[in-house]
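Peer 1: got a sequence here, can you model it:
(4 chains)
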There are 4 protein chains.
Amino acid sequence: MIGIAVLGCGRIGAMHAANIAAHPGARLAAVQDINAAAAAATAAATGAPVLASAAEVLASKDVDAVLIATATDTHADLLEQAVAAGKPVLCEKPIDLSLARVNRCAETIRGSKLPIQLGFVRRFDPGHKAVHDAVASGDLGELHQVVITSRDPGLAPEAYMKVSGGIFRDMTIHDFDMARYILGEEPETVMAVGSRLVAPAMMVRLNDFDTVTVVMRTASGKQAIITNSREALYGYDQRVEAFGSKGMALSDNRRPHQMRRSGKNFSEHAAPLLHFFIERYREAFDAEIDAFVKAVETGQPAVVGFEDGRRALMLAEAALKSIAEGRAVKVAEVA
Amino acid sequence: MIGIAVLGCGRIGAMHAANIAAHPGARLAAVQDINAAAAAATAAATGAPVLASAAEVLASKDVDAVLIATATDTHADLLEQAVAAGKPVLCEKPIDLSLARVNRCAETIRGSKLPIQLGFVRRFDPGHKAVHDAVASGDLGELHQVVITSRDPGLAPEAYMKVSGGIFRDMTIHDFDMARYILGEEPETVMAVGSRLVAPAMMVRLNDFDTVTVVMRTASGKQAIITNSREALYGYDQRVEAFGSKGMALSDNRRPHQMRRSGKNFSEHAAPLLHFFIERYREAFDAEIDAFVKAVETGQPAVVGFEDGRRALMLAEAALKSIAEGRAVKVAEVA
Amino acid sequence: MIGIAVLGCGRIGAMHAANIAAHPGARLAAVQDINAAAAAATAAATGAPVLASAAEVLASKDVDAVLIATATDTHADLLEQAVAAGKPVLCEKPIDLSLARVNRCAETIRGSKLPIQLGFVRRFDPGHKAVHDAVASGDLGELHQVVITSRDPGLAPEAYMKVSGGIFRDMTIHDFDMARYILGEEPETVMAVGSRLVAPAMMVRLNDFDTVTVVMRTASGKQAIITNSREALYGYDQRVEAFGSKGMALSDNRRPHQMRRSGKNFSEHAAPLLHFFIERYREAFDAEIDAFVKAVETGQPAVVGFEDGRRALMLAEAALKSIAEGRAVKVAEVA
Amino acid sequence: MIGIAVLGCGRIGAMHAANIAAHPGARLAAVQDINAAAAAATAAATGAPVLASAAEVLASKDVDAVLIATATDTHADLLEQAVAAGKPVLCEKPIDLSLARVNRCAETIRGSKLPIQLGFVRRFDPGHKAVHDAVASGDLGELHQVVITSRDPGLAPEAYMKVSGGIFRDMTIHDFDMARYILGEEPETVMAVGSRLVAPAMMVRLNDFDTVTVVMRTASGKQAIITNSREALYGYDQRVEAFGSKGMALSDNRRPHQMRRSGKNFSEHAAPLLHFFIERYREAFDAEIDAFVKAVETGQPAVVGFEDGRRALMLAEAALKSIAEGRAVKVAEVA
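Peer 2: Next up is the predicted model:
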């Protein structure tokens, strides 16, 4: 049994803690949060011990690996400390809002053989993974286009948005990773447009966008299109499509059940999409922990690692630059 | 070009007349109706000549074949006269409401080699036919169950219902034929239940049912289930399912278009089903004429013929007897 | 926290044990099985103590309620003993294969106010429940027809089938309960047909059927149709449809994910249905425990109780009699 | 009855001729083609007279209006001549491959009150129109994004491609119009990427692309995304999605029938999409003629007119410029 400690007991840390506790191959070795109440609540729900600081966690012999779910601006530091302490890491995205900081972190941990997994949970979604596998197996022939629709069910509070790094680093980052995962090769150029349609006043205050589209092109000509919105009234709209010379695969949305109703003047009326990312990606969060446990057990590299986190952030930088300059930006420009 | 005359210019006769006129291999040789205005209207819409009587039509050298779309109680007489006149026939269902009359008709036309086609149009529906073909090709393995859902969009007027022969001879007769078409063997026993739920008072007056279910079993154990209602508020509900040892095929409903809408608290809200049989089975009505033209051209037997009409009526009789006696009725009992 | 003990640690008992252990309002107070290894394995997976006998369990002060997941022929005895010991019960279906034994059991526990819940888990499925709620809310108007398709993914071993009580008591029993749940009134007559198509030789040996259809009618004329097969190659086919004067609701099948693939000559190719009842009804099994915990906490009657188990068994008896006698059987005849 | 003449009896002209002949409010006044055999074939199929030249058609008193389905490079000339002759025009897209020529044509016909309709048939598709109507009615709230997927079933021959004007003027032009139709306001900027993936060698020879994505943005921030491919093996992929503050509407693909098959290891296997634009947009082609007949009868402007054709071509120009210069191009730059 791998002993995993969770740093950060907010909404997502608490969920990971419960998933680790329920995993047959792992135990929840400790939980920690700078907010003692949050740590205590997670400990109470899982029966895990609370440790007072990240340092204490990293020093603990009972801790085989750590999951970092703290505030974004602490990720890189904790990741470096964990590697220094010899602990494999599962780190929530993004590694940092600053590409320069991420690059320094890469330097710092260079050479380490420890499994470092990035929290791009959507790679573990059974439907999205099935799209990936249809590409990888050749069922779709040569891949031509990847089309990702990703719309949040509702706007996060302004306080959260303020420290999020903006839509590209906070939300689209998942889709950048998904595009790379399905494409199987690196985007070479990025073009983006941004709009303020959901909450224009807030977006102006934050110098951010709530509605964006990104088009990327690889050197071989493959195209990836991402459309994002911060608010879809019908739920969490998450679709991934791959199109190739031999066919198309689409991972479609999920609902809480499959009841459909017909009546006067309508048919097929269904429930809204699952609203909450924890429900929508429930199996994926389980599979993510599972993959991490396997990586720790075997010492093999994580299936989605530090470089994936860095690459996704580069695409976010390129998208921002594309909007600012109204042109196609080469990813190499922001490297 | 085969010259086809249409006897009976009511709703369905007028539609057939237009379809024949538009068919590349046929011409509408004449139209006739005891109601002169109906005949005139169909003639005006199609450019076809009006003839004064069925006798005149059957005597015309310009008429190669006839389509009988008159009142049900004239079908058998006209069919016999057409055969006597050497004209191939496409006859709307049912041949007659009385099995005895149908059996006499069978005697009368025995030995004729003329193509005689029964108007079981649903056999020509691309979806239902694809279910049949999935069975016939072996894609479903050994066939075990056929499940037919067939609900009219709305109750017909009482005046029509009164002369319809009741739900089994008027409406279920299509499903009896569909069951035989998919099963590929004859039902041996029939069990039925009937209810008065849509228009109870009218059904009591007519000694009829508006909601019925029929279960049939062949000698080899294959089962066919038919559920009918006279009124589905969401449109014309027409589904055919075949289940076998290697899989299942379902011909699902059709809508006027594929737009689906999502909003607050719902998703996938679609248009109601096509309401009108002429729209729902448009391709099938075309294909039915096509099959008839081919049969007349080649002199081959019709793909759905007189005996199919007789067999479906026997199943209707058996269903009525099953309800009356509260037991499984052998089809042989009503033969 | 309600302490619940699990009697019987076979496949379904082990699953219930895990679900109870994970339930926030319950603790797994003990596990027991006549097979010591099974009990030990469940104990190891959950951390719960093993008790040596049912008697010990029922005597334990640490046990607030019991879940009976033992062999069917012990259900009635254990249920009576649990009631005598003052422990609320969640009992797997069926109560017993003999209606006479079930009736005796009813006599024995008559007057007890303890919550007794029957394991008709499908009532807790979100999709099927949404169909029920669409009926109960009046969204569908007056209910006319309930159509249940229920096909197992594959035949159970002959040894299991031999003691199962036959398809109606073992498999259709769930659908009988579902029909009663959706109908909201009691079936008055039952007609059934049975066939041996999946495994004819085994079915002859067992005097059982593998392919059945049941049609029931309530006094007011509502119809319920159940079609069953012991083997659907494409997965666990579980559909519930309700049709009424104002519309229709259909709880459709579930797949492991929503990826669909198109290619040369096809489109929409999807994964097979979920194959295993534990996956297909995962949320329902959780909700079932949840309902039991609430019943125990509040002392309110279970939402699906002993009489529901007895009624479903009566319908199974009536179906068998209908096949044997080739007629519609009144439920009152088997009471 | 409006007398309409068809100029050009190629594939699409012949189809229009048949549709006009079958329209209850129109008659096919004449057909003409520089290829006498093509004109004769269409005349034979419809019974319409052949006229020898466009000039003769435009001079005929029997001709109330003309449909131009000739080679693209004759559209503008014929359109000007028809207007000079006082005949309303339904002109196939594009007006011309040269925006300068289109602008000259606009000058020439300026001031005419004759109905001039452009052949953007997809506006008449019931599903796409339902998306438009969901936007226009406010059902979707404020519109934020339009997402158009448009993939041809297969590459046209190189000879056709050579004179087509390239993918943006030949194929995407329909999607540019659809985007404008749904958006309800003009795109301000255009960004595009192009790839050569389906037939790279041919595309190099033609200096064309077979796989393109276009992102447009209106002044108010609305976004429209178009993804095109010249070859989708599973059929003619035609989807239009509108996303707004209150919901989403998607016009999905169409198949020849609704049969879906399940078997070992799969479910929901469906027929490929309709392959041919004449089948896919059959109702739309009928409705297009219907709209033209109404415009001619009433003298009202066409619902989709000359300026729509000109605007779509401007977007094609902007897309080409965007690829060439690797930047967002303002539509005003190409005006």
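Peer 1: packing partners for whichever helix or strand A:M178 is part of?
Peer 2: Take DSSP states H and E as the rule and A:M178 turns out to sit in helix A:172-183. Judged by 3 or more Cβ pairs under 8 Å, 6 or more residues apart in numbering or on different chains; DSSP states H and E, helix A:172-183 is in contact with helix A:126-136, strand A:143-151, strand A:211-218, strand A:223-229, strand A:237-244, helix A:306-325. (Each C-beta comes from the backbone N, C-alpha and C, glycine too.)
Peer 1: list the buried ones in the last one?
Peer 2: Yep, that's helix A:306-325 we're talking about. Buried residues in helix A:306-325, counted by 16 or more other Cβ atoms under 10 Å in any protein chain shown: A:306, A:308-323.
Peer 1: next structured bit after the helix holding A:M178?
Peer 2: Towards the C-terminus, the helix or strand next in line after helix A:172-183, according to DSSP H and E, is strand A:187-195.
Peer 1: next SSE after that following strand?
Peer 2: Once the chain leaves strand A:187-195, the next helix or strand it forms, by DSSP H and E, is helix A:200-206.
Peer 1: buried residues in that following helix?
Peer 2: Going by neighbour count (16+ other Cβ under 10 Å), the buried part of helix A:200-206 is A:202-203, A:206.
Peer 1: now stretch A:95-109
Peer 2: Neighbour counts using 16+ other Cβ under 10 Å place A:95-99, A:101-103, A:105, A:108-109 of stretch A:95-109 among the buried residues.
Peer 1: quick check: domain ranges of chain A?
Peer 2: By the assignment in automatic domain parsing, chain A contains the domains A:2-114, A:123-276+A:311-334.
Peer 1: got the end-to-end distance for the longest one?
Peer 2: The one in question is domain A:123-276+A:311-334. Looking at domain A:123-276+A:311-334, the gap from its leading to its trailing residue is 25 Å under the measure Cα to Cα, to the nearest Å.
Peer 1: nearest to chain B, of the buried residues of stretch A:95-109?
Peer 2: Out of those, the one with the shortest distance to chain B is A:L97. That distance is 32.8 Å, counting by Cβ to the nearest Cβ.
Peer 1: in this structure the closest one contacts A:G165, no?
Peer 2: Yes: here A:L97 reaches A:G165: they are 3.8 Å apart, a contact under Cβ atoms under 8 Å.
Peer 1: can you find the helix or strand in chain A with the smallest mean pLDDT?
Peer 2: Lowest mean confidence among the helices and strands of chain A (mean pLDDT, DSSP states H and E): helix A:277-280, at a mean of 92.
Peer 1: and the spatially most central residue of chain A, what does it touch?
Peer 2: For chain A, the residue lying nearest the average C-alpha position, counting by Cα atoms, centre = their mean, turns out to be A:F120 (3.3 Å). Taking Cβ atoms under 8 Å, 6 or more residues apart in numbering or on different chains as the contact definition, A:F120 lies against A:93, A:174, A:177-178, A:181, A:304, A:308-309, A:312.
Peer 1: number of nearby residues for the residue nearest to A:E92 when sequence neighbours are not counted?
Peer 2: Sequence neighbours aside, A:G119 is the residue nearest to A:E92 in space, at 4.1 Å (criterion: Cβ to Cβ, 6 or more residues apart in numbering or on different chains). A:G119 is flanked by 25 other residues according to other Cβ atoms under 10 Å in any protein chain shown.
Peer 1: test my guess that A:G119 contacts A:P94.
Peer 2: No: counting by Cβ under 8 Å, A:G119 sits too far from A:P94 to count as a contact (9.2 Å).
Peer 1: which residues touch the residue in the stretch 201-335 of chain A that chain D sits nearest to?
Peer 2: Ranked by Cβ to the nearest Cβ, the top residue of the stretch 201-335 of chain A for proximity to chain D is A:G221, at 3.3 Å. Contact analysis of A:G221 by Cβ under 8 Å, 6+ apart lists D:195-197, D:211.
Peer 1: cool, A:A318 as well?
Peer 2: Counting by Cβ under 8 Å, 6+ apart, A:A318 makes contact with A:190, A:192, A:329-331, A:333-334.
Peer 1: still on that earlier bit, reformat the helices and strands packed on helix A:172-183 as TSV; add mean pLDDT and distance to C:A21.
Peer 2: Compiled in TSV, those are given as follows (pLDDT from 0 to 100; distance: least, Cβ to Cβ, whole Å):
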stretch	mean pLDDT	distance to C:A21
helix A:126-136	98	25
strand A:143-151	98	36
strand A:211-218	98	44
strand A:223-229	98	40
strand A:237-244	98	31
helix A:306-325	98	36
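Peer 1: and the ones you listed as a markdown table, adding distance to C:R254?
Peer 2: Listed next are the helices and strands packed on helix A:172-183 as a markdown table, based on distance: least, Cβ to Cβ, whole Å:
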| stretch | distance to C:R254 |
| --- | --- |
| helix A:126-136 | 12 |
| strand A:143-151 | 22 |
| strand A:211-218 | 33 |
| strand A:223-229 | 28 |
| strand A:237-244 | 18 |
| helix A:306-325 | 31 |
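Peer 1: separation between A:I68 and chain B?
Peer 2: Distance of A:I68 to chain B, computed by Cβ to the nearest Cβ, to the nearest Å: 35 Å.
Peer 1: A:G47 too?
Peer 2: In this view, A:G47 and chain B are 38 Å apart by Cβ to the nearest Cβ.
Peer 1: could you export the buried residues of stretch A:95-109 to CSV, including columns for secondary structure and pLDDT?
Peer 2: Supplementary listing: these in CSV, determined by DSSP: H, G, I helix; E, B strand; the rest coil; pLDDT from 0 to 100:
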residue, secondary structure, pLDDT
A:I95, coil, 96
A:D96, coil, 96
A:L97, coil, 96
A:S98, coil, 96
A:L99, helix, 96
A:R101, helix, 97
A:V102, helix, 97
A:N103, helix, 97
A:C105, helix, 97
A:T108, helix, 97
A:I109, helix, 96
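Peer 1: in helices, which of the contacts of A:A318 appear?
Peer 2: For the contacts of A:A318, membership in helices holds for A:331, A:333-334, with DSSP state H as the criterion.
Peer 1: tell me how many other residues surround A:E185.
Peer 2: One way to gauge burial is a neighbour count; for A:E185, by other Cβ under 10 Å, it gives 11.
Peer 1: residue contacts, it?
Peer 2: Taking Cβ under 8 Å, 6+ apart as the test, what A:E185 contacts is A:218-220, A:222.
Peer 1: just the buried members of these?
Peer 2: Neighbour counting over the contacts of A:E185 (16+ other Cβ under 10 Å) leaves A:218, A:222 as the buried ones.
Peer 1: which of the contacts of A:E185 sit farthest apart?
Peer 2: Maximum pairwise distance in the contacts of A:E185, criterion Cβ to Cβ, is 8.7 Å, between A:A219 and A:K222.
Peer 1: now A:E307: how far from A:V66?
Peer 2: Taking Cβ to Cβ, to the nearest Å as the measure, A:E307 and A:V66 are separated by 20 Å.
Peer 1: list, one by one, the residues from the stretch 151-300 of chain A near chain C.
Peer 2: The stretch 151-300 of chain A has residues A:246-254, A:256-264, A:271 near chain C, with proximity defined as Cβ under 8 Å from any Cβ of the partner chain.
Peer 1: quick one: low-confidence parts of chain A?
Peer 2: Per-residue confidence of chain A (counting by pLDDT under 70) places no residue in a weak region.
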